[in-house]
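K.L.:
Next comes the sequence, and after it the predicted model I'd like to discuss.
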Amino acid sequence: MANETTIPLLPCRSLDDVAPFYRALGFEVTHRQARPNPYLALRREDLNLHFFGMPEFDPAASYGSCLVVVDDPVGIHRAFAAGLRAAYGKVLVSGVPRMTRPRLRRNADGHTGFSIVDPGGNWIRFVARAATPDADDDRAGLARALRNAVVQADSRGMPEQAARILDGALARPDAADDPAVHVEALIYRAELALLLDEPAVARGLLRRADAVPLDEALRGRLADTLRHAADLAALLPPL
């Protein structure tokens, strides 16, 4: 057989929570019903996601997940981020719902990916079809710690463990560490601090990242990361 289509069917507490969030990401509602059972069908280009409502469902206890293989995860992430900014005034990076950034996954054969945790607590995992060319580079020091932290938090949902990994590496600076990797690690650690409800820690980490000397070439290389830092800063409570 060929030309099969698989559509994930995912749980949520309320369709009214899920529908606006996915509309912000550019999805359209293709079907919705309240009876006999709450059901919602969403589509964005060739991606279809369906949801069923369970009023007593706890998103924090959800095991719902699916994998979406794409050619350009970075481009899709930018489109999603623009939609979130337009709908919510910011990119949601902590709590439920939220979206992670595209990052290399050591536990995914070197494929870059990012995840959406939707209002139902479902993890929609976007992964690049092709591996990143330097994915087999088993780097040491801070770069390796950063990749290990990404596995723990972005893939396994364990931000506490990721924070411990990065704290240990950041406490042992190495002159050989790339300044760009240093900034990436500090900003990712700030994101983890927000996930862990530690805004004061996040603020301090963002200040440390801002103090790392960068030339114009490195700033260009880190453009998306620095934009992400601004998104994180926008989530901090005023002093």
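P.N.:
Good, I have the coordinates. Residues are numbered from 1 along each chain as shown.

K.L.:
where does the chain have low pLDDT?
P.N.:
The chain contains residues with pLDDT under 70 at 1, 105-110, 132-140, 175-176.

K.L.:
Show me the helices in this structure, by range?
P.N.:
Remark: helices assigned in the chain by DSSP state H are 15-24, 73-88, 141-150, 159-170, 179-195, 199-211, 216-221, 223-234.

K.L.:
Take those helices and lay them out in JSON lines including mean neighbour count.
P.N.:
Using the backbone N, CA and C atoms, a C-beta is placed for each residue, glycine as well. Shown next, in JSON lines, are the helices of the chain (neighbours: other Cβ atoms under 10 Å):
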{"stretch": "helix 15-24", "mean neighbour count": "18"}
{"stretch": "helix 73-88", "mean neighbour count": "16"}
{"stretch": "helix 141-150", "mean neighbour count": "21"}
{"stretch": "helix 159-170", "mean neighbour count": "18"}
{"stretch": "helix 179-195", "mean neighbour count": "23"}
{"stretch": "helix 199-211", "mean neighbour count": "17"}
{"stretch": "helix 216-221", "mean neighbour count": "12"}
{"stretch": "helix 223-234", "mean neighbour count": "16"}
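
K.L.:
Out of these, which is closest to R103?
P.N.:
helix 141-150 (4.9 Å; Cβ to Cβ).

K.L.:
So which elements touch that closest one?
P.N.:
Using 3 or more Cβ pairs under 8 Å, 6 or more residues apart in numbering; DSSP states H and E as the contact test, the elements touching helix 141-150 are strand 103-104, helix 159-170, helix 179-195.

K.L.:
quick one: the residue most central in space within the chain and F126, what's the gap?
P.N.:
Note on the chain: the residue nearest the mean C-alpha position is T100, at 1.0 Å, using Cα atoms, centre = their mean. Distance from T100 to F126, counting by Cβ to Cβ, to the nearest Å: 10 Å.

K.L.:
Quickly list what's touching both of the two.
P.N.:
Shared contacts of T100 and F126, defined by Cβ atoms under 8 Å, 6 or more residues apart in numbering, comprise 114-116.

K.L.:
among these, who's most crowded?
P.N.:
S115 (23 neighbours; other Cβ atoms under 10 Å).

K.L.:
I'd assumed V127 was in contact with that residue.
P.N.:
No - S115 is beyond contact range of V127, at 9.3 Å (criterion: Cβ atoms under 8 Å).

K.L.:
Quick one: residues contacting L232.
P.N.:
Neighbours of L232 in contact, by Cβ under 8 Å, 6+ apart: 93, 187, 190-191, 194, 202, 206.

K.L.:
same deal with R32?
P.N.:
R32 is in contact with 15, 19, 39-41, counting by Cβ under 8 Å, 6+ apart.

K.L.:
which residues pair with it across the strands?
P.N.:
Beta-bridge partners recorded for R32 (DSSP bridges): L40.

K.L.:
just to revisit the earlier point, and the helices of the chain: which comes nearest R35?
P.N.:
Once these are compared by Cβ to Cβ, helix 15-24 is nearest, at 12.1 Å.

K.L.:
Send over the closest one as PDB, restricted to the C-alpha atoms.
P.N.:
Only the C-alpha atoms of helix 15-24 are listed here, as PDB (Å, rounded to 0.1, in the frame of the first residue of the first chain):
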ATOM      1  CA  LEU A  15     -11.500  22.600  22.800                       C
ATOM      2  CA  ASP A  16     -11.700  26.300  23.700                       C
ATOM      3  CA  ASP A  17      -8.200  26.200  25.100                       C
ATOM      4  CA  VAL A  18      -6.700  24.400  22.100                       C
ATOM      5  CA  ALA A  19      -8.400  26.100  19.100                       C
ATOM      6  CA  PRO A  20      -7.100  29.800  19.700                       C
ATOM      7  CA  PHE A  21      -3.600  28.600  20.400                       C
ATOM      8  CA  TYR A  22      -3.300  26.600  17.200                       C
ATOM      9  CA  ARG A  23      -5.000  29.400  15.200                       C
ATOM     10  CA  ALA A  24      -2.200  31.700  16.400                       C
END
